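1. Here is my input, please return the structure:
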Amino acid sequence: MKHISVLLVLMVLFMGCKRKEEKQPLEKEKERPDFVVAFGSCNMPQEPNPFWDDVVAENPDVWIWGGDIVYADTDDVDRIRTIYAMQDTVQGYARLKAEVPIIGTWDDHDFGLNDGGYGFAVKKESQQVFLDFMGVPSDSERRNREGVYASHEFEMPEGKVKIIVLDTRYFRSDLIKDEDPKRRYKPNTEEGATILGDAQWDWLKGELANSDADFNLIMSSIQVLSGEHGFETWGNFPHEVQKLETMIVESGAKGVIILSGDRHISEFSRATITGLSYPLVDFTSSGLTHSYASFSGEPNSHRVGEVVSDKSYGIINLYFKDKEAEMKIMGDNGAVLQELKQTY
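-> Just a heads-up that it's a prediction; the model follows:
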């Protein structure tokens, strides 16, 4: 009986310990994002792109081209078309294209002219080739208006995302050369100098003012908030920067985030805008197949964190309930090179 009593005591102690273990809270698994955006820019189809398998693995809801999809730099429209066709033969990209919606805009090198703007002689023809590459139907209204700007809405059970892609090439006024050898351009403050042109500005105003989306992402091929470096940037047209910021505030649009490319570096810029209830972030992701490897620094008073001069792409995880955007600069094999979280 003594042995049986001891055994019963041990069993009771064991069961008590087990119950205590079961009561211990399990480590909380990270909540899956409600919507995943992947984007990138500065891509040469003839060069290795190590990221397509990583992008597919992220299971994004959309891929956004941020410009310089290819490097054509020619007024030979057939040549531009041929180089786009090369991109479609890239195996990793073909897989992404088969699984994920592809949207986006162009920049100067796929437009056809380095640092080019409204004066490019074959911009109308180049536009049609771009729309062909993006799979825009022949009867789309985009085929009959100037420029490649567009908006796309994605509605989920948890909320809605609106993605606005701008055209910063077709209508852009002339850049002004800077006498400073360390800078390429200086601000153009002439009356009427523009990046978007009147028709696109009117369209953008309506897109923002009428948006009921929880997040509104604006893809600008060139940087908006980083305007001090002297290369291409919205900062070369300061009146346009002010106009955009004012329009965002007055629209009342929720969760506006700016995306950009062009620079062959990746970085986060963030600014406090009077009248806006949240900081405005400009997430630059560039480039996919080549980067500014010799980067040694440049001014950006709005920079958050450090510049990433390695090849990279961008990921934005959106959470509707928490109104949070988790932005990541991504390297090869899922490496997170830098991240920024912002609530709205």
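2. Is residue 300 in contact with residue 267, as I believe?
-> Yes. Using Cβ atoms under 8 Å, residue 300 is in contact with residue 267, at 7.1 Å. Yep, even glycine has a C-beta here, placed from its N, CA and C like the rest.
3. what sits in contact with each of these two?
-> residue 226 (Cβ atoms under 8 Å, 6 or more residues apart in numbering).
4. Those two: who's more crowded?
-> A direct count of neighbours by other Cβ atoms under 10 Å for residue 300 and residue 267 places residue 267 higher, at 27 against 20.
5. Nearest the middle, which residue of the protein would you pick?
-> Centroid-nearest residue in the chain: residue 259, 3.7 Å away (criterion: Cα atoms, centre = their mean).
6. Just to be sure, that one is in a helix?
-> No. Using DSSP: H, G, I helix; E, B strand; the rest coil, the assignment for residue 259 is strand, not a helix.
7. distance of the residue lying closest to it once chain neighbours are set aside from residue 233?
-> Residue nearest to residue 259 in three dimensions, not counting chain neighbours: residue 219, with 4.7 Å by Cβ to Cβ, 6 or more residues apart in numbering. Counting by Cβ to Cβ, to the nearest Å, the separation of residue 219 from residue 233 is 15 Å.
8. Extract the C-alpha trace of the one helix or strand residue 337 maps to and format it as PDB.
-> Taking DSSP states H and E as the criterion, residue 337 maps to strand 336-343. In PDB, the C-alpha atoms belonging to strand 336-343 read as follows (Å, rounded to 0.1, in the frame of the first residue of the first chain):
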ATOM      1  CA  VAL A 336      15.900  42.100 -45.100                       C
ATOM      2  CA  LEU A 337      18.400  44.900 -45.700                       C
ATOM      3  CA  GLN A 338      16.400  47.600 -43.900                       C
ATOM      4  CA  GLU A 339      12.800  48.100 -42.800                       C
ATOM      5  CA  LEU A 340      10.400  50.800 -41.700                       C
ATOM      6  CA  LYS A 341       7.000  50.500 -40.100                       C
ATOM      7  CA  GLN A 342       4.400  53.300 -40.200                       C
ATOM      8  CA  THR A 343       0.900  53.500 -38.800                       C
END
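9. the helices in the chain, which residues?
-> 2-23, 52-57, 77-88, 91-99, 108-111, 123-133, 197-209, 238-251 (DSSP state H).
10. hmm, back to that, for the strand holding residue 337, name the packing helices and strands.
-> Here strand 336-343 touches strand 266-271, strand 280-284, strand 303-308, strand 324-330, going by 3 or more Cβ pairs under 8 Å, 6 or more residues apart in numbering; DSSP states H and E.
11. wait, which of those is closest to residue 188?
-> Closest of these to residue 188 is strand 280-284, at 20.0 Å (criterion: Cβ to Cβ).
12. okay, now residue 102: neighbour count?
-> Residues contacting residue 102 under the criterion other Cβ under 10 Å number 16.
13. so what's the closest residue to it other than its chain neighbours bridging to?
-> Spatial nearest neighbour of residue 102, chain neighbours left out: residue 63 (5.2 Å); criterion: Cβ to Cβ, 6+ apart. Beta bridges link residue 63 to residue 38, residue 102, judged by DSSP bridges.
14. pLDDT score assigned to residue 63?
-> Residue 63 carries a pLDDT value of 99.
15. Who are the contact partners of it?
-> Applying Cβ under 8 Å, 6+ apart, we find residue 63 in contact with 38-39, 55, 96, 100-104.
16. Let's see if you can find the most crowded of these.
-> residue 104 (28 neighbours).
17. separation between that residue and residue 92?
-> Computed as Cβ to Cβ, the residue 104 to residue 92 distance reads 17 Å.
18. what ranges of this protein fall below the confidence cut-off?
-> Residue ranges of the chain with pLDDT under 70: 1-30.
19. The residue nearest to residue 309 when sequence neighbours are not counted: what's it in contact with?
-> Distances taken as Cβ to Cβ, 6+ apart put residue 295 closest to residue 309, at 4.0 Å, once the chain neighbours are dropped. By Cβ under 8 Å, 6+ apart, the contact set of residue 295 is 265, 307, 309.
20. What of residue 220?
-> Residue 220 neighbours (Cβ under 8 Å, 6+ apart): 166, 168, 234, 258-260.
21. ok, and the most crowded of these?
-> Going by other Cβ under 10 Å, residue 260 tops these with 32 neighbours.
22. my guess is that residue meets residue 227, correct?
-> No. Applying Cβ under 8 Å, one finds residue 260 not in contact with residue 227, separated by 11.5 Å.
23. wait, which of the contacts of residue 295 is closest to residue 334?
-> residue 309 (19.5 Å).
24. Relative to residue 152, how far out is residue 213?
-> Distance, residue 213 to residue 152, by Cβ to Cβ: 11 Å.
25. Neighbour count for these two, which is higher?
-> residue 213 (21 against 16).
26. shouldn't that one be in contact with residue 254?
-> Yes. With contact defined as Cβ under 8 Å, residue 213 and residue 254 form a contacting pair (6.8 Å).
27. returning to that earlier point: ok, the residue nearest to residue 259 to residue 322 distance?
-> Shown here: residue 219 relative to residue 322, a distance of 24 Å by Cβ to Cβ.
28. ok so, going back, which residues sit in contact with the residue nearest to residue 259?
-> Contacts were defined as Cβ under 8 Å, 6+ apart; by that measure residue 219 touches 39, 64, 66, 104-105, 163-166, 259-260.
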